[in-house]
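Trainee: structure, please.
(chains A and B)
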Amino acid sequence: MFREYLTLLKPARLSFLNYVRDPGPGGRIKLISLALFTAALWAALFLLSVRSIRSFYSVEGFGDILSYKTFGLLWLTGAALLVFSAFITALSSFYLSRDLSLLMGAPVDRESVFWARSTQSLVSSAWMPVAFLMPVFVAFGYAFKAPALYYALIVPASLPVVLTASFLSQTLVILLVNVLPARRTRDIVSLLGLFGFAALYMIFRLLRPEQLVNPESFRSVAGYLASLQTPTSPMFPTTWASDLLWPLLGGSRGDFRAIYLALLWVSAGVSAVISSYAAHFLYWQGYNKSQEGAGRQKAGGLLNLVAGAFRLVRNPEYRAVAVKDFKIFFRDHTQWSQLFLLGALMIIYLYNFSVLNLKRYPLQAFFLENTLAFLNVGLVGLVSATLSLRFAFPSISAEGFSYWIIRSSPMSVRDFIREKLCFWLVPIMLVALTLTWLTCRFLDAAPAMSVTAFVLTLLLTPGLCALGVGLGSRFPRFETENLAQVPTGYGGLIFMLSSSLSLLLIIGVSAWPVVRYLRIRRGMSHFGLREGILMPVLALAVLFLAWLLWNRPLKIGREALEIYDEEARGRDGPEDGGDIPGAPRLPEGGEAGA
Amino acid sequence: MIILENVTKSYRRHKAVSDLSLRVPAGEIYGFLGPNGAGKTTTIRMVAGALAPTSGTIRLGGYDLSRRPKEAKSILGYIPDRPFLYEKLSGWEFLIFTADLYKVERRAAEGKARSLLELFELWDWREELIENYSHGMKQRLIMAGALLPSPRILVVDEPMVGLDPRGAKLVMDIFKTMARRDKVAVFISTHTMSLASRLCDRIGIISRGALTAEGTEDELRRQSRAEGGDLEDLFLDLTSEGGIPSLGGEARDAAAGEAGGGGQGARASGGGD
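Mentor: Modelled structure (predicted):
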């Protein structure tokens, strides 16, 4: 069975090695830039963590307990992330992957298939939380000048937590697929995962964790200590991991408690056994159930009625693709379910502004309110960038292997890209303008500042959406099984960097006129020749940058999409007969870091 | 109607199609044959506008595909060998989508969509999402979509893949009618010799990216060393270099052991060592 297990892991292992060996045209640069980016991110995380830990520890009287609680909370958050991540990947690995029918038909033990899939699911769900948490744990050791034993124990302590979280999620998925009605099992299970994540995110934010670093806001020491009661429990493996390492941060080797390490590994072993039993009795049964079709699902109803609004679009090509995109988006749970996350993001965003009470500082209130209203344009820009990354960026890849239909039709690539842009720009713009308007109201910003914020949002959002569609065309991933993974690739990384840089530039250029305006309004300065010259020049500069952000990515995307097949096929050459018609061989090798 | 002039498609280290020239006049069914990896699908994709040639010109109905793609593609119907469709649309929605893409007037499109769905026996399934269709049903829907804009040129890659004998007969009849009655130029790539023999007016054989022979079946027979054989023998003769690969020794034992012998391998071994 072990040989079978190793053989079943081979495709993933060899694919990865082949990609590293020959990442294709431009692949080496991608790998190097990715490595540099990761190293920079780790360094930033490490430095930020060291700073934060030191500032926590310096809070008089509470530093020690605050640091301890933060350490525990970190383990708990990491484990929660792992559970959700493993939940989604387990569903895909065990029940949705295209190669499963091949494996299930092969003369191999089904439990070998399960364990191979379990390993793949574990690796793909754990690498990101682990990679991001490691620099933070190292930062704790550095800030507290911990002995070598602390560093040596980080991996042995975190590995069983990862295993336990992963096995528990896998067991849960196996049980759910067996319990839920077969027809929509896959939809329901993945929806539950996303909904749970959105709920967890909202609960975490609404608890206002920032209050924990502000003891002055509590009336008594008892109240503060009570608020620190995070939901840790002596029965949680995360508590054992935290309690295993925490004493070592005090600097004494004598405080090493081996019992916690034993408990961690026993819990990982027990979860593996439970998972193995679930797989033995329920995996094959659940697999069969999940393969039953979703039934003869009919098109029609409310969706068709709403899609009727697209009749207002005069151009038949644009209308055809827009109606198709609209219907596919709302019929595909992997796409529309992301609206849960969007909803959570918006609620949290507005909530943050609604709890701000700037009137506490009467002297600075005007400046604070209006400066925040201006900076809020940058934050709204970040929201627009996130939405563009989640929705506009993958909209090209969403065509999938069916892209041949567009490619062989009379619709030009230019029109195709423009349709995608128009389709996503409308809702993203609506969200951006709503957020700007509501936050300006919450902040009680001056009318001129509200108008400025509105205009800047109107200028920025189309550019960010165009950046999403343009880079989505430059880095398409038509072969992807899960559209939600498209933004996690190399193209997504380039988008994040470009959008952040553009936002910084535009906000930076607009900052000076805004500050001058506020000073003039408060009578602290007057409108002179310098303002008369610089303000229009900077306004023109903002207009130019916004135009550039709109224009360049679309051009890059169009040019790339027009020649995509040549670039892509350059890697492997043709394979007549085994070729996918019109289907791209992608310039992009795979997910970032994968 | 379809004119390829010195068309070449190169990849980094490989020439998939080399200096290919051919013509398919209106009303002709042209069969494009070749072994795996010969460049058939690459050529078909270039003619369908899904792939740009490295050099050379492709004209469809007089329009240069690279300079006037919109006009060229608007008279083209393309049927690929694999039925990749928008799975979350219904069959009816897909046809209306196609009609809009090709700017077919709505009322005419609805009438034509209905008759095509009835013709391809998909009318009862029109409201079902395509994800519930079988492979053959998807293939028939793609054909309906390709015929809906009344193309003057039809480009087909492996038309019979996934079709049952009844569907295959229907498709052959449709192609013949389109060519004879409506003067549509039909360009078909296939591996099925019997289909090419029964359906095509002329046949082009491509090997290693170059056209090695072209003409009617009789003309091909004259060009070939094979005497009196059927199209399959002609094909094998015209595409083989240094003889047909044979199964001998260990390879034959392995094939016989694994697959129980017989099949293509056993037949090919007639080519000799």
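
Trainee: just checking stretch A:334-347 against chain B, any contact.
Mentor: No - judged by Cβ under 8 Å from any Cβ of the partner chain, stretch A:334-347 makes no contact with chain B; its nearest approach is 9.3 Å. All C-beta spots, glycine's among them, are computed from the backbone N, C-alpha and C.

Trainee: confirm B:F32 sits in a strand?
Mentor: Yes - counting by DSSP: H, G, I helix; E, B strand; the rest coil, B:F32 falls inside a strand.

Trainee: could you list the domains of chain B?
Mentor: As recorded under automatic domain parsing, the domains making up chain B are B:2-245, B:246-273.

Trainee: burial count for A:R314?
Mentor: Using other Cβ atoms under 10 Å in any protein chain shown, the number of residues around A:R314 comes to 7.

Trainee: tell me the SS of it?
Mentor: Per three-state DSSP, A:R314 ends up coil.

Trainee: same check, this time on A:P23
Mentor: Under three-state DSSP, the three-state class of A:P23 is coil.

Trainee: quick one: it and A:K30 touch, right?
Mentor: Yes - between A:P23 and A:K30 there is a contact under Cβ atoms under 8 Å: 6.5 Å.

Trainee: which one of those two has more residues nearby?
Mentor: Neighbour comparison, A:P23 and A:K30: the larger count goes to A:K30, with 23 against 17 (by other Cβ under 10 Å).

Trainee: ok, for that one, nearest residue in space, not its chain neighbours?
Mentor: With Cβ to Cβ, 6 or more residues apart in numbering or on different chains as the criterion, A:K30 has its nearest non-adjacent residue at 5.3 Å, and that residue is A:Y490.

Trainee: wait, that neighbour touches A:L34, no?
Mentor: Yes - counting by Cβ under 8 Å, A:L34 is a contact partner of A:Y490 at 6.8 Å.

Trainee: neighbour count for the two, which is higher?
Mentor: Of the pair A:Y490 and A:L34, A:Y490 is the one with more neighbours under other Cβ under 10 Å, namely 24 against 14.

Trainee: need the per-residue pLDDT for the more buried one.
Mentor: A:Y490 carries a pLDDT value of 84.

Trainee: same question for A:R13.
Mentor: The model reports A:R13 with a pLDDT of 83.

Trainee: so what's the backbone phi/psi at the residue nearest to A:K30?
Mentor: phi -60, psi -40 (degrees, to the nearest 10).

Trainee: again, but for B:D164
Mentor: Taking degrees, to the nearest 10 as the convention, B:D164 sits at phi -80, psi 170.

Trainee: what's the answer for the one 4 residues further on, then?
Mentor: B:A168 adopts backbone torsions of phi -60, psi -40, taken as degrees, to the nearest 10.

Trainee: B:E158 is in contact with that one, correct?
Mentor: No - assessed by Cβ under 8 Å, B:A168 is found out of contact with B:E158, at 11.5 Å.

Trainee: those two: which is more packed in?
Mentor: Taking neighbours as other Cβ under 10 Å, B:A168 and B:E158 compare with B:E158 leading, 22 against 17.

Trainee: the residue nearest to the more buried one when sequence neighbours are not counted: neighbour count?
Mentor: Leaving aside its sequence neighbours, B:E158 sits nearest to B:D81 (Cβ to Cβ, 6+ apart; 3.7 Å). Using other Cβ under 10 Å, B:D81 has 23 neighbouring residues.

Trainee: do B:A50 as well
Mentor: 25.

Trainee: now swap in B:L141 and tell me
Mentor: B:L141, neighbours per other Cβ under 10 Å, totals 25.

Trainee: now it: which helix or strand?
Mentor: Using DSSP states H and E, B:L141 maps to helix B:135-147.

Trainee: can you check A:A453 too?
Mentor: Assigned by DSSP H and E, A:A453 belongs to helix A:447-474.

Trainee: next, give phi and psi for the residue nearest to the spatial centre of chain A.
Mentor: Closest residue to the average C-alpha location of chain A: A:T488 at 7.4 Å, with Cα atoms, centre = their mean. Per-residue torsions, A:T488: phi -80, psi 0 (degrees, to the nearest 10).

Trainee: and what of B:A52?
Mentor: Here is the backbone geometry of B:A52 (degrees, to the nearest 10): phi -90, psi 140.

Trainee: A:A373 is in contact with A:S450, isn't it?
Mentor: Yes - in this structure, A:A373 is within contact of A:S450 by Cβ under 8 Å, at 6.7 Å.

Trainee: what about the stretch 401-550 of chain A, any weak spots by pLDDT?
Mentor: In the predicted model of the stretch 401-550 of chain A, residues A:481 satisfy pLDDT under 70.

Trainee: go on, the stretch 151-273 of chain B?
Mentor: B:225-229, B:238, B:240-273.

Trainee: try it again at 80.
Mentor: Along the stretch 151-273 of chain B, segments meeting pLDDT under 80 span B:161-162, B:192, B:220-273.

Trainee: whichever residue of it sits closest to chain A: neighbouring residues, count only.
Mentor: Minimum separation of the stretch 151-273 of chain B from chain A (Cβ to the nearest Cβ) falls at B:D157, amounting to 6.0 Å. For B:D157, the count of nearby residues is 26 (other Cβ under 10 Å).

Trainee: dihedrals phi and psi, the nearest residue to it once chain neighbours are set aside?
Mentor: Closest residue to B:D157 apart from its sequence neighbours, by Cβ to Cβ, 6+ apart: B:D81 at 4.2 Å. The phi and psi values for B:D81, taken as degrees, to the nearest 10, are phi -80, psi -20.

Trainee: pretty sure A:V155 belongs to a strand, no?
Mentor: No - looking at A:V155 with three-state DSSP, it is helix, so not inside a strand.

Trainee: coming back round to it: and the residue of the stretch 151-273 of chain B closest to chain A, what does it touch?
Mentor: Counting by Cβ atoms under 8 Å, 6 or more residues apart in numbering or on different chains, B:D157 makes contact with A:P581, B:K40, B:T41, B:I44, B:I79, B:P80, B:D81, B:S189.

Trainee: from A:A448, how far out is it?
Mentor: 62 Å (Cβ to Cβ, to the nearest Å).

Trainee: ok, now B:V7?
Mentor: 62 Å.

Trainee: which residue comes closest to A:L435 once chain neighbours are left out?
Mentor: Closest to A:L435 by Cβ to Cβ, 6+ apart is A:V380, at 5.0 Å.

Trainee: what's the neighbour count on that neighbour?
Mentor: 24.

Trainee: can you read off the pLDDT for it?
Mentor: With respect to pLDDT, A:V380 has a value of 90.

Trainee: sec struct for it, please.
Mentor: The assignment at A:V380 comes out as helix when based on three-state DSSP.

Trainee: for it, give its distance to chain B.
Mentor: 32 Å (Cβ to the nearest Cβ, to the nearest Å).

Trainee: next, the contact list for A:K324, please.
Mentor: So A:K324 contacts B:Y86, B:L89, B:E93, B:F97 (Cβ under 8 Å, 6+ apart).
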